[in-house]
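1. Below are the sequence and a predicted model; questions follow.
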Amino acid sequence: MRSAVTDSVADGITNGVAADSGGAVRVGPGRGRAPRPPRARYAAVFAVVTAGIAVVNLDLFIVNVALPSIGRGFHGTDLASLSWVLNAYAIVFAALLVPAGRAADLIGRRAAFLTGMIVFALASAACAAAPDVWVLVGARVVQAAGGALLIPASLSLLLAAAPPERRTGAIRAWTSVGGAAAALGPVLGGALVAASWHWVFLVNVPVVAIALLFGVRVLAPDRTTANAQQQAVKEIRPDVLGAAVFTVAVGALALALVKADDWGWASPPVLGGFALAAALIGLFVSRSARHPAPVIELHLLRRPVFATATAANVVFGIAFGAMLLLVTLWCQDVWGWSALRTGLGIAPGPLLVPFWAIAAGPVVRRIGPGPVAALGCAIYACGCVCWRLSLSLTPDYPAHLLPGMLLTGTGVGLTLPTLVSAAVSAVPPNRFATGSGIVTMARQVGIVLGVAILVTVLGTHASGPGALPAFQRATVVLAAAAATAGLASLLLVWAVKRERRQGEQRDRQARSLLVLGLIPPTAG
């Protein structure tokens, strides 16, 4: 049975998206142009938006396969240092998503999307030209800022262009493309690294250039006037300091985890990193409660469905982020495979993601998101257990790697789009950009923690004779994270029922006030 939450939000999308944020996402034909048919316009916008979210999500993981090659190119940089090529991007991307979503609400989604694309392309070129690992990390930070600016705006642009009857499906399509692109990153990365690791960054430039060329023509101009935008920015400034506090907090936590094996779990730097992270997270929550435009609007976390789906996203992100790096390191550093062969070996899992994401849609409408996401997490955990039992130092792809790839790919396809759709569908239409930013930010935090935990578990045994027991321990950690995410997903069943009861209670109260004449009929 389709949940009342999904139904009510779908109605809200149908009736309210065009008026979001003072008209910033109202769409219509450009002056002097004949209007496009609604479906043709939606297809054109979908193509442009898909290019943006694809390159950003690809870049979250396309670098995984390139890490060993990058390390060799930079004179044997160790895994702990290389992990910051992944984590610096993910941390900044997560921290800036919500302020960027707020900025998109204020300055216009079209302007934010196109600006983000330009920044992303320029930073990608800088990554390819980096002379050492820390310059590469710095360029990845800028790249993440561009990605964070365009991602929240992309969903609002898509919803504004979608015909009313397709807006709920547009949310799922948006999440499915992002999830599939993220999962396909290692495949494309393997092909590009065969030429040079620089191409994993350079490939973004022509894709973004083509998307910009069409985006300028296809995306409807923002209807908010310049004076109104300036006034809005003056009245409500995004909490950039809060985003900085959050960035340092997650970075300190990741650093403490990554260096715990080298420095010692009880060493002052590691304990200090954990303490700093805890103190900054407390400060961040305090700022979010007081700031008029916080990074996280805490009142959204009081919505049971949104809060539960977001929490499950964090935990599943740990298993997801760690898995892709684990398989890459195993294939290249233990089995000695090339980057291209590694990408092809990983391919069967990611190729299942869009299939299961689409197939899960009708099931979610029938039984709700909780059971579907929990099933996906359980299948994912089974894939990790399969690796624990079958991995061997002797390469045997069909027996040792393929079964786990098929199971984890199925799990990702069932889980990620379902959790993101459940969270975004639970917020009011005028908070879609902010809501999508928060839930994506949650997943990115999980990915950062997953990579850091994996580096810690592997320690100095990412290759060599001690690799097998180290990787076996890591698969158990991944399975435990996926199982925990499954339990959190099951709580969505309770959350949907609670939110439905709250809605029914509000309706009864409104009817009572209407009968008593305490509110005018138009307000009901």
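-> Done, it's in. Bear in mind that the values here come from a model prediction, so they are computed numbers and not experimental data. Residues are numbered from 1 along each chain as shown.
2. CA atoms for contacts and neighbours, from now on please.
-> Noted.
3. can you tell me which residue is nearest the centre of this structure?
-> The centre of the chain sits closest to residue 440, judged by C-alpha atoms, centre = their mean, with a distance of 3.7 Å.
4. So that residue sits against residue 95, correct?
-> No - counting by C-alpha atoms under 8 Å, residue 440 does not reach residue 95; the two are 10.2 Å apart.
5. Can you tell me the element the residue nearest to the centre of the chain falls in?
-> helix 432-458 (DSSP states H and E).
6. what's that helix packed up against?
-> helix 79-107, helix 133-161, helix 240-263, helix 304-329, helix 402-425, helix 467-515 (3 or more C-alpha pairs under 8 Å, 6 or more residues apart in numbering; DSSP states H and E).
7. Look up how far residue 193 lies from the residue nearest to the centre of the chain.
-> 28 Å (C-alpha to C-alpha, to the nearest Å).
8. Next: residue 414.
-> 30 Å.
9. Compare neighbour counts for the two and give me the winner.
-> residue 414 (32 against 23; other C-alpha atoms under 10 Å).
10. Just list the residues touching the closest residue in space to that one that isn't next to it in sequence, thanks.
-> Ranked by C-alpha to C-alpha, 6 or more residues apart in numbering and with sequence neighbours excluded, the top spatial neighbour of residue 414 is residue 376, at 4.9 Å. For residue 376, the contact set (C-alpha atoms under 8 Å, 6 or more residues apart in numbering) comprises 410-415, 486.
11. tell me the contacts of the closest residue to residue 499 other than its chain neighbours?
-> Sequence neighbours aside, residue 304 is the residue nearest to residue 499 in space, at 6.4 Å (criterion: C-alpha to C-alpha, 6+ apart). Residues counted as contacts of residue 304 (C-alpha under 8 Å, 6+ apart) are 492, 495-496, 498-499.
12. related to what we said a few turns ago, what's the angle from the helix holding residue 440 to helix 402-425?
-> With axes from the mean of the first three to the mean of the last three C-alpha atoms, to 10 degrees as the basis, helix 432-458 and helix 402-425 are set at 150 degrees to each other.
13. how about CSV for the contacts of residue 376, with pLDDT added?
-> Below are these laid out as CSV (pLDDT from 0 to 100):
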residue, pLDDT
410, 95
411, 96
412, 92
413, 91
414, 94
415, 94
486, 96
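14. Quick check on residue 347: phi, psi?
-> phi -50, psi -40 (degrees, to the nearest 10).
15. was I right about it contacting residue 187?
-> Yes - with contact defined as C-alpha under 8 Å, residue 347 counts as touching residue 187 (5.6 Å).
16. related to what we said a few turns ago, drop anything exposed from the contacts of residue 304.
-> 492, 495-496, 499 (16 or more other C-alpha atoms under 10 Å).
17. so can I have CSV of those showing pLDDT and distance to residue 134?
-> CSV is the format used below for the buried ones among the contacts of residue 304 (pLDDT from 0 to 100; distance: C-alpha to C-alpha, whole Å):
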residue, pLDDT, distance to residue 134
492, 90, 42
495, 86, 44
496, 82, 46
499, 75, 47
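18. For the residues you listed, name the two members farthest from one another.
-> 492 and 499 (10.1 Å; C-alpha to C-alpha).
19. hey, what's in contact with both of those two?
-> 304-305.
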